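Q: Need coordinates for the below:
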Amino acid sequence: MPEGNKTEKATPKKRRDQRKKGNVFLSNDAVAVVTLLAGYMALRITMSGAVEHLSTFFRLCMQTAQSLSEVSLTGRLPELLKEGTYTLFIALGPTVLVIVAAALGATFLQTRMLVSGESIQPKFSRINPLEGFKKLFSLRSVVEAGKGIIKITILLVIIYHFISGCITAFVNYMNTDISAVCGDILSRLSSMILQIIIAFIAVAGADFYYQWWDYERQMRMTKQEIKEEYKQTEGDPLIKSKIREAQRKISQSRMMQQVPQADVVIRNPTHVAVALRYKPEQDSAPVVLAKGLDELALRIVKVAEENQIPTVENVPLARSIYASAELNRQIPPELYGAVADVLVYIYRVNNRDLSKELSKKDQSGEKQPRSDRPGSN
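A: Prediction:
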C-alpha cells in the first residue's frame with residue numbers, strides 16, 4: 001500500500017500484534033556503544049589484575065621451558081594448557097561477562113524484555129531475490145551505508161591522529177624503560193578508545209532517533225485499516241445494530257407481557273402510553289410496567305383494551321412519567337399526587353374503595369402509608 005496513504009498513528013492492537021511477531025524498535029548502534037563503553041570501563045578496572053595474572057603465567061612458561069628438556073616439556077604441556085585456560089578466565093572473564101550483560105541489558109531495555117521466536121523462523125521472503133533487490137535500494141539501505149561510511153571515516157581519522165602523535169614518541173622509546181614504554185602506549189591506546197567511544201555515542205544518538213522515526217513510519221496505518229481493525233475488535237457496526245434491535249424486541253416482548261397486570265394505562269392520545277400497577281398489599285408506590293412512544297404506545301393501549309384495563313388520557317402526566325420513571329421501578333415522589341388522583345378515579349369507576357384497600361394493608365401489620373402516597377386523603 002502506498003506510504004502516502006498511511007497517515008494515522010498505529011493503534012495499540014497493531015503494536016501488540018507486531019510485538020508478538022518480534023517487530024519492535026531497536027537501535028543496534030546504541031547496543032554497540034553501550035557494549036563498547038561497558039567493556040572499556042571493565043578493562044580499566046580489571047587491567048592491573050589481568051596484567052598480573054598474565055605476567056605470572058608467562059614467567060611460568062619461560063621457567064618451564066628453560067628447566068625442562070624437550071621430552072619432559074611435552075609431558076607438562078597439558079598442565080600448562082590447563083593453567084593458561086584458568087589464567088585467561090580469571091584475567092578476561094569479568095570483562096567478557098560485563099560486555100555480555102551490557103549487550104543484553106541495552107537490547108532488552110529497548111525491546112522491553114521481548115523474547116520472540118517468530119523473528120528467527122525461516123521465511124521465503126528473506127531469501128527471495130526480488131525482496132532483497134528492493135531492500136538494496138530502500139531508504140534503510142542508504143542510511144545504513146551512510147552510517148558505515150561515517151564510522152569508517154571516524155575510525156581512520158582517530159587512528160591517524162593516534163599514529164601521528166606516537167611517531168615522535170617511538171624514537172624516545174629506544175632509551176626508555178620497557179615498563180614505562182608499555183605504560184605510555186596503554187595510556188595512548190586508552191585515550192584513542194575513549195575518543196572512538198565519544199564519537200560513536202554521537203553516531204548512536206543519531207541512529208537511535210532515525211530508527212525510532214523509521215519504526216513509527218512503518219507502523220503507520222491507513223484510515224481503512226483502522227476501520228477494519230475496529231470491526232475485528234469491536235464487531236461490525238451492522239451486526240451490532242442487529243443484535244441491539246433483537247435485544248430491543250425481546251425487551252419489548254417481555255414488557256408487553258406485563259401490560260395485562262397493570263391497573264391503569266395513562267396515555268397521550270397517540271404518542272405516549274404508560275402502564276402502571278398499584279397493589280397496596282405489595283407496592284408502596286405505583287410501579288411502571290410498560291411505557292412506549294408512537295407505535296409501541298398504540299400497542300400498549302391495544303393490549304390494555306383487550307384485557308379490559310382502563311385507560312386515561314392525561315398528556316402532561318403521561319409525558320412526565322415516561323421521562324422520569326424507569327421501567328419496573330416506582331414512579332418519582334413528585335408524581336404521587338397526580339397519579340393518586342387517576343387511581344382514585346379508576347377505583348370509583350370500578351366501584352372500589354381505595355381507603356378499604358389501604359386499611360387492609362394497615363391491619364396486616366405494615367406501616368401506615370405516607371400522606372403523599374397515591375390514594376392518601
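Q: so where do the strands sit in the stretch 251-377 of the chain?
A: 264-268, 272-277, 287-293, 311-313 (DSSP state E, counting those that start in this stretch).
Q: Now for residue 333, how many residues are close by?
A: 11 (other C-beta atoms under 10 Å). Backbone N, C-alpha and C define where each C-beta goes, glycine included.
Q: which residues of this protein score low on pLDDT?
A: 1-4, 65, 67-75, 115-137, 233-239, 247, 350-377 (pLDDT under 70).
Q: how is it carved up into domains?
A: Annotated domains of the chain cover 3-230, 241-363 [automatic domain parsing].
Q: Tell me which of the strands of the stretch 251-377 of the chain lies nearest to residue 218.
A: Closest approach to residue 218 among the strands of the stretch 251-377 of the chain (C-beta to C-beta): strand 287-293, 52.1 Å.
Q: For the closest one, give me every contacting residue.
A: For strand 287-293, contacts defined as C-beta atoms under 8 Å, 6 or more residues apart in numbering pick out 252, 255-256, 258-259, 261-262, 271-278, 299-300, 321-322, 325-331.
Q: From those residues, list just the buried residues.
A: Of the members of those, the ones counted as buried by neighbours, 16 or more other C-beta atoms under 10 Å, are 255-256, 258-259, 262, 272-278, 299-300, 321-322, 325, 330-331.
Q: so who does residue 38 touch?
A: Contacts of residue 38 (C-beta under 8 Å, 6+ apart): 98, 99, 101, 102.
Q: Which ones among those residues lie within helices?
A: Among these, the residues falling in helices (DSSP state H) are 98, 99, 101, 102.
Q: Next, work out how far apart the closest residue to the third one other than its chain neighbours and residue 95 are.
A: Think residue 101. Excluding its sequence neighbours, the residue lying closest to residue 101 (C-beta to C-beta, 6 or more residues apart in numbering) is residue 38, at 7.6 Å. Distance of residue 38 to residue 95, given as C-beta to C-beta, to the nearest Å: 9 Å.
Q: can you check residue 13 too?
A: Distance, residue 13 to residue 95, using C-beta to C-beta: 44 Å.
Q: So which of the domains of the chain is the most surrounded?
A: Of all the domains of the chain, domain 241-363 carries the top mean neighbour count, a mean of 16, counting by mean count of other C-beta atoms under 10 Å.
Q: which residues does the nearest residue in space to residue 26 that is not next to it in sequence contact?
A: Leaving aside its chain neighbours, residue 26 sits nearest to residue 110 (5.1 Å; criterion: C-beta to C-beta, 6+ apart). Each residue near residue 110 by C-beta under 8 Å, 6+ apart is listed here: 24, 25, 26, 27, 30, 31.
Q: and if we set it to 10 Å?
A: Residues near residue 110 by C-beta atoms under 10 Å, 6 or more residues apart in numbering: 24, 25, 26, 27, 28, 30, 31, 208, 211, 212.
Q: List every C-alpha atom in stretch 339-353, with coordinates, as PDB.
A: Output of stretch 339-353 as PDB, limited to C-alpha atoms (Å, rounded to 0.1, in the frame of the first residue of the first chain):
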ATOM      1  CA  VAL A 339     -51.200   9.500  39.900                       C
ATOM      2  CA  ALA A 340     -53.200   9.200  43.100                       C
ATOM      3  CA  ASP A 341     -56.000  11.200  41.500                       C
ATOM      4  CA  VAL A 342     -56.000   9.000  38.500                       C
ATOM      5  CA  LEU A 343     -56.100   5.800  40.600                       C
ATOM      6  CA  VAL A 344     -59.000   7.200  42.800                       C
ATOM      7  CA  TYR A 345     -60.900   8.000  39.600                       C
ATOM      8  CA  ILE A 346     -60.400   4.400  38.300                       C
ATOM      9  CA  TYR A 347     -61.300   2.900  41.600                       C
ATOM     10  CA  ARG A 348     -64.500   4.900  41.700                       C
ATOM     11  CA  VAL A 349     -65.400   3.900  38.200                       C
ATOM     12  CA  ASN A 350     -64.900   0.300  39.200                       C
ATOM     13  CA  ASN A 351     -66.900   0.800  42.400                       C
ATOM     14  CA  ARG A 352     -63.800   0.000  44.500                       C
ATOM     15  CA  ASP A 353     -62.800   1.900  47.600                       C
END
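Q: Can you tell me how far residue 150 is from residue 332?
A: Distance from residue 150 to residue 332, by C-beta to C-beta: 76 Å.
Q: Residue 283 contacts residue 262, correct?
A: No. Residue 283 is beyond contact range of residue 262, at 11.9 Å (criterion: C-beta atoms under 10 Å).
Q: and for the two, which residues touch both?
A: Common neighbours of residue 283 and residue 262, counting by C-beta under 10 Å, 6+ apart, are 276, 277.
Q: Tell me the helix or strand right after the one helix or strand residue 156 maps to.
A: In the assignment (DSSP states H and E), residue 156 maps to helix 139-172. Using DSSP H and E, the helix or strand that directly follows helix 139-172 along the chain is helix 178-219.
Q: And that following helix, what does it pack against?
A: Helix 178-219 is packed against helix 12-20, helix 28-67, helix 70-111, helix 139-172, with contacts defined by 3 or more C-beta pairs under 10 Å, 6 or more residues apart in numbering; DSSP states H and E.
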